[in-house]
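K.L.:
this one's sequence-less:
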Ligand code: ADP
Ligand code: ASP
Ligand code: MG
C-alpha cells in the first residue's frame, strides 16, 4: 500500500487542455497522489515547440535587442487556449506582462525559462482546486549553484506536510539572494525526486509519454521492450548514457531514502510501467543486459609516448590539463604506451588550441591523434558480471553489422561495456546490439 505518492507529470502529459484533463483523472483516481510536480506544456505534435524553448527564444531575442513580442504572444496564446478549455479563472495577461518587464530590464535566462512550469502549475492547481506552492519558496541552491539539500528537504517537508495536497512547479528553485535558478533541461524530474524525498513519500511516480524505461531509445529501435524492474544504479547508468526518459540526476534524492520510482504513461495509465528500486524483487532474475543507451558528440584525444608507463603521474598531468580548461573527461582507456581521453566535442573545440599546446609542452608526447564525431554506446546490466563472453557478443554484433569499434571501455563495476563508434553508424549500432543482446 502506498499512502503517499509524489507524482510528476512531464511536458507531453501537460501539453494541452485534453492532456491536463487526463492528468487530473489520474490524480483523482488515487487519493495517495497528494503532491503533484508539473512541467511546462511540451510538444502536442512532433513539429510543435515546447513552451520552455519559446521562453528561451524570448530571452535570446531580448538579449540581442530583437523584438520578442511575437514569440511571447505565441506563449500567451497557448496558455489562453488551455485556460479557456479548462474553464478556469486565470489572469494570463498579467503573468505575461511581468515576463515582458523582466526581459526588457535584462534578466538571466533562468527566470523566463522557469515561468513555463510556474504558470502551468498555477493553472493546474486552479483546475484541481488544490493549493499552489512556488518552488522558489521550498527549493534552494547554495552560492555555487548546487542544491542545498538540508535546507530544501527541511523547508519543503515542513511546508508541504502542513498542506493536504499541493501542486509544485518543476525545473527551478531559488539562489541565496532569491534569484530564480533552473536545473538543466528536463530538470522537472529532479524536482519531483526532491519533493518525494522531502515529504517522505512511499513512491515517486514519473508520468510521461512512454510506458516506462525502454531497453533502447524508441526513436531508434522499433518497439523496444519495456524494462519492468530496474535498479537505481542501472537506471543512473542508462540515463547518464543518454536514455533521456528520466533526468540523470533524478535518482539521487530518492535513492538515499530508498523511495522507489515508477515511470508511467499518461496516455496508457493501465500499464504498469517501470519500477526502479535499490534491488530487484526476489523472484526476478538479474538480467545480463538491461538496456542500451548512447550519446553522440564526442572526440577522442589519443596520446602516444614510448615508455609512458614508467613515467609516474603522466595520466594525472594529462587529465589535469583537461580539468583546468573546464573539460570533464567521459572515458580514459589506456594502453602501455598510449592513453586516450574521450571528451565532449563541443567543450573541446572551444579550447582545442590551448589544450593541445599544453599537452605538447608539458608532456612531450611522440604522437597526438584526434578523432572527432565519436558516439559512445553503453550496454548496461547488473547481471553482466557473472556472464562469460559478454564483450565477445558485443564485438560480434558490431562486426556482423560492419561497424568499426574505435574505443572500448568497461566500467570498473562491470555494470557496463562502453564502445566508441563513428557517429554516422550510431543508429545501426544500437539496432545491431539490441537484436543480439536484448530482442
Ligand atoms: P517528459 O516530457 O514526460 O519529461 P521526455 O521527453 O523528457 O518526457 O522523455 C520521454 C521520451 O524519452 C520518450 O518519448 C522517448 O522518446 C525518449 N527516450 C529515449 N530513450 C528512452 C528509453 N530508453 N526509454 C524510454 N524513453 C526513452
Ligand atoms: N520544461 C523544462 C524543459 O523543457 C523542464 C522539464 O520539462 O523537465 O527542459
Ligand atoms: Mg523529461
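P.N.:
Good, I have the coordinates. None of the values given here were measured: they were computed from a predicted structure. Numbering: from 1, shown residues only. Ligands and ions are numbered 1, 2, ... in the order given.
K.L.:
Show me the shaky parts of the chain.
P.N.:
For the chain, the stretches flagged by pLDDT under 70 are 1-2.
K.L.:
So which bits of it are right by ligand 2?
P.N.:
10-11, 39-40, 50, 52, 116, 170-171, 185-189 (C-beta under 6 Å from any ligand atom). The way it works is simple: take the backbone N, C-alpha and C, and place the C-beta from them, glycine included.
K.L.:
Return only those of these found close to ligand 1.
P.N.:
By C-beta under 6 Å from any ligand atom, the members of the residues of the chain next to ligand 2 lying near ligand 1 are 10-11, 39, 186.
K.L.:
what about the residue in the chain that ligand 3 sits nearest to, distance to residue 101?
P.N.:
Closest approach of the chain to ligand 3 (C-beta to the ion) occurs at residue 186, with a separation of 4.1 Å. For residue 186, the distance to residue 101 (C-beta to C-beta, to the nearest Å) stands at 28 Å.
K.L.:
the more surrounded of these two?
P.N.:
Between residue 186 and residue 101, counted using other C-beta atoms under 10 Å, the more crowded position is residue 186 (21 against 10).
K.L.:
Test my guess that the more buried one contacts residue 247.
P.N.:
Yes. Counting by C-beta atoms under 8 Å, residue 186 sits close enough to residue 247 to count as a contact (4.4 Å).
K.L.:
coming back round to it: who wins for most neighbours among the ones next to ligand 1 among the residues of the chain next to ligand 2?
P.N.:
residue 39 (31 neighbours).
K.L.:
So for residue 315, what's the nearest residue that isn't a sequence neighbour?
P.N.:
Across the structure, with C-beta to C-beta, 6 or more residues apart in numbering as the measure, the residue nearest residue 315 apart from its sequence neighbours is residue 339 (5.9 Å).
K.L.:
Quick one: residues contacting that neighbour.
P.N.:
In this structure, residue 339 makes contact with 302-303, 308, 314-315, 318, 332-333, judged by C-beta atoms under 8 Å, 6 or more residues apart in numbering.
K.L.:
Check residue 157 too.
P.N.:
For residue 157, the residues meeting the contact criterion (C-beta under 8 Å, 6+ apart) are 198-200.
K.L.:
What strand or helix carries it?
P.N.:
Secondary structure assigned from DSSP states H and E places residue 157 in helix 149-161.
K.L.:
The residue of the chain found nearest ligand 1: what's it in contact with?
P.N.:
Closest approach between the chain and ligand 1, counting by C-beta to the nearest ligand atom: residue 10, at 1.8 Å. The contact partners of residue 10, taken as C-beta under 8 Å, 6+ apart, are 39, 42, 188-189, 206-209, 266.
K.L.:
repeat that with 6 Å
P.N.:
Under the criterion of C-beta atoms under 6 Å, 6 or more residues apart in numbering, the neighbours of residue 10 are 39, 208.
K.L.:
Look up how far residue 221 lies from it.
P.N.:
With C-beta to C-beta as the criterion, residue 10 and residue 221 are 21 Å apart.
K.L.:
Kindly report the residues of the stretch 151-300 of the chain close to ligand 3.
P.N.:
Proximity of the stretch 151-300 of the chain to ligand 3 (C-beta under 5 Å from the ion) is limited to residues residue 186.
K.L.:
I'd like to know how far the residue sitting nearest the centre point of the chain sits from residue 263.
P.N.:
Note on the chain: the residue nearest the mean C-alpha position is residue 247, at 2.3 Å, using C-alpha atoms, centre = their mean. With distances taken as C-beta to C-beta, residue 247 is found 12 Å from residue 263.
K.L.:
and what of residue 88?
P.N.:
As judged by C-beta to C-beta, residue 88 and residue 263 stand 29 Å apart.
K.L.:
higher neighbour count, those two?
P.N.:
More crowded of residue 88 and residue 263, by other C-beta under 10 Å: residue 263, with 28 against 18.
K.L.:
list the contacts for the nearest residue to residue 13 once chain neighbours are set aside?
P.N.:
In space, residue 13 comes closest to residue 266 once its chain neighbours are excluded; the distance is 3.9 Å by C-beta to C-beta, 6+ apart. By C-beta under 6 Å, 6+ apart, the contact list for residue 266 reads 13, 22, 207.
K.L.:
Output the residues you listed in JSON lines; the columns should cover secondary structure and neighbour count.
P.N.:
Supplementary listing: these in JSON lines, determined by DSSP: H, G, I helix; E, B strand; the rest coil; neighbours: other C-beta atoms under 10 Å:
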{"residue": "13", "secondary structure": "helix", "neighbour count": "24"}
{"residue": "22", "secondary structure": "helix", "neighbour count": "16"}
{"residue": "207", "secondary structure": "strand", "neighbour count": "28"}
